[in-house]
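J.: Next one to model:
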Amino acid sequence: MTTRTRTVPVAGPGEEPTAHPLPDTYRAAHIRAQDTEMFTGIQDKDVRKSLHVGQVPMPEIAPDEVLIAVMAAAINYNTVWSAMFEPLPTFGFLKHLAAQGGWHTRHDQPYHVLGSDAAGVVVRVGSAVQHWRPGDHVVVATAHINDQEPASHADGMMGEDQRAWGFETNYGGLADYAVVRASQLLSKPAHLTWEEAASNPLCAGTAYRMLVSDRGARMKQGDVVLIWGASGGLGSYALQFVRNGGGTAVGIVGSAQKAETVRRLGCDVVIDRTEIEQGDPGSLQRPDGWKRLGKAVRKAVGEDPHIVFEHVGQATFAASVFLARRGGTVVTCGSSTGYQHQFDNRYLWMKLKRIIGSHGANLQEQWETNRLISAGRIVPALSAVYGLDEVAEAARSVQTNQHIGKVGVLCQAPEEGLGVTDQAARDRIGVDRIRLFRSGGAPAAGGGR
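T.: Alright, predicted model coming up:
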């Protein structure tokens, strides 16, 4: 039986819970350094075997940090990578950070608390924090930035010391408490529940930078955008940004169930890749498969994509380079199926195409994204919610691609549906729209609490 953390009572914005003492330990989802070789020679690296939920020591916070009581968090693919110890065990990241000395030494532990999405309540602030106070309702932007690097002042993502919080740092969001730099905080959208708000930052901010930011593909009105995995976490936000920006979204999905979900989200064209593969799953890695998909896109919209939204990696990258139109753009932020890409370079150089690498989002891009979410222009992609004690099952559903959209995790929130402080805005935007991924076609939720 898991021991529950003695939590600090939290209430509404502006109410200060600082009078309540912090526990010495807290409940957290973590991996262990002693397990890093456990999957050697094993094909199915089942994250349910490596992810643990238990008590870890409460760390001190640095002057520029805050401690938040995490109400809810979410699973991202970097949690899966961490729990598989691929491509490298994340304990190397923690040692590298700790080598900088000072407050950074806290991160080098024999455990790594994971999680790169969170929504919660500020319970402690460091002495240098100016704009946040205990009681504030917040969501956490993923980028852990060193603001003393010159490059970070041009673009937070360009600093050499930029890290993914909860992946390349310790004390992440899949826990009852999390340590966060003040420069990562955004106000929680008041019309969303804790679990809805927690599902947005990483994937929505990443998709915004890839498509909308002047550092990404610079999508414009009328652009045709092909989105791999349009029903997943990244893809579902990309789809919404394309629709918001006056583009034509072409969503690629892997099943009829997922196709129905993205249609309800407003995707202009939905293509089930299993129909393109014609019983041969490897065909999209060959020219015959690329050409069938390209023909299907042209039949549906009359032209080739201006932008290909790429994050799948090895299994799709060659097709992406082929599918983009002459002068078009492939924008990529990840490689969930493998990092080693092979593609026919003739289609890149002779057709004058571009490949843009994109990673996370800086604080301004996250702020712009959060503004759109707060206005109801972007809705959560949350499809299922688990309790923190079930985090291994939640991560496994993402590992095996059984999920749609984002998978949420309740931490200190005792049940779903809490945290809304602007019911009028929620009613105006529409509960059915906000909960689109929770209705028809979405997978069953976890057991919660």
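J.: Surely I434 is in contact with E196?
T.: Yes. Counting by Cβ atoms under 8 Å, I434 touches E196, with 6.7 Å between them. From N, CA and C alone the C-beta is placed, and that goes for glycine too.
J.: what touches both of the two?
T.: Residues touching both I434 and E196 by Cβ atoms under 8 Å, 6 or more residues apart in numbering: P380.
J.: Please say which of the two ends up with more neighbours.
T.: E196 (31 against 18; other Cβ atoms under 10 Å).
J.: which strands and helices sit next to the helix or strand hosting the more buried one?
T.: According to DSSP states H and E, E196 maps onto helix 194-198. Secondary-structure packing of helix 194-198 (3 or more Cβ pairs under 8 Å, 6 or more residues apart in numbering; DSSP states H and E): strand 65-75, strand 118-125, strand 382-387, strand 406-410.
J.: mind checking the SS state of K351?
T.: Secondary structure, DSSP: H, G, I helix; E, B strand; the rest coil: K351 is coil.
J.: The stretch 1-150 of the chain: strands as residue ranges?
T.: Along the stretch 1-150 of the chain, counting by DSSP state E, counting those that start in this stretch, strands occupy 25-32, 52-57, 65-75, 111-113, 118-125, 137-140, 143-144.
J.: Adding mean neighbour count, write these out as CSV.
T.: Formatted as CSV, the strands of the stretch 1-150 of the chain follow (neighbours: other Cβ atoms under 10 Å):
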stretch, mean neighbour count
strand 25-32, 24
strand 52-57, 16
strand 65-75, 29
strand 111-113, 23
strand 118-125, 26
strand 137-140, 26
strand 143-144, 25
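J.: mind checking the SS state of S397?
T.: helix.
J.: For the residue in the chain sticking out farthest from the centre, grab phi and psi.
T.: No residue in the chain sits farther from the centre than M350, which is 34.6 Å out by Cα atoms, centre = their mean. The phi/psi pair for M350 (degrees, to the nearest 10) reads phi -80, psi -20.
J.: Make TSV out of the helices and strands packed on helix 194-198 and add mean pLDDT and distance to G246.
T.: Formatted as TSV, these follow (pLDDT from 0 to 100; distance: least, Cβ to Cβ, whole Å):
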stretch	mean pLDDT	distance to G246
strand 65-75	98	29
strand 118-125	98	30
strand 382-387	96	26
strand 406-410	97	25
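J.: and of those, who's closest to E275?
T.: strand 382-387 (23.1 Å; Cβ to Cβ).
J.: distance of the nearest residue to P380 once chain neighbours are set aside from G172?
T.: Nearest residue to P380, sequence neighbours excluded (Cβ to Cβ, 6 or more residues apart in numbering): E196, at 4.3 Å. To G172, E196 is 19 Å away according to Cβ to Cβ, to the nearest Å.
J.: can you list contacts of stretch 87-103?
T.: Counting by Cβ under 8 Å, 6+ apart, 31, 33, 36, 62, 65, 81-82, 104-109, 112, 163, 167-170, 339 sit against stretch 87-103.
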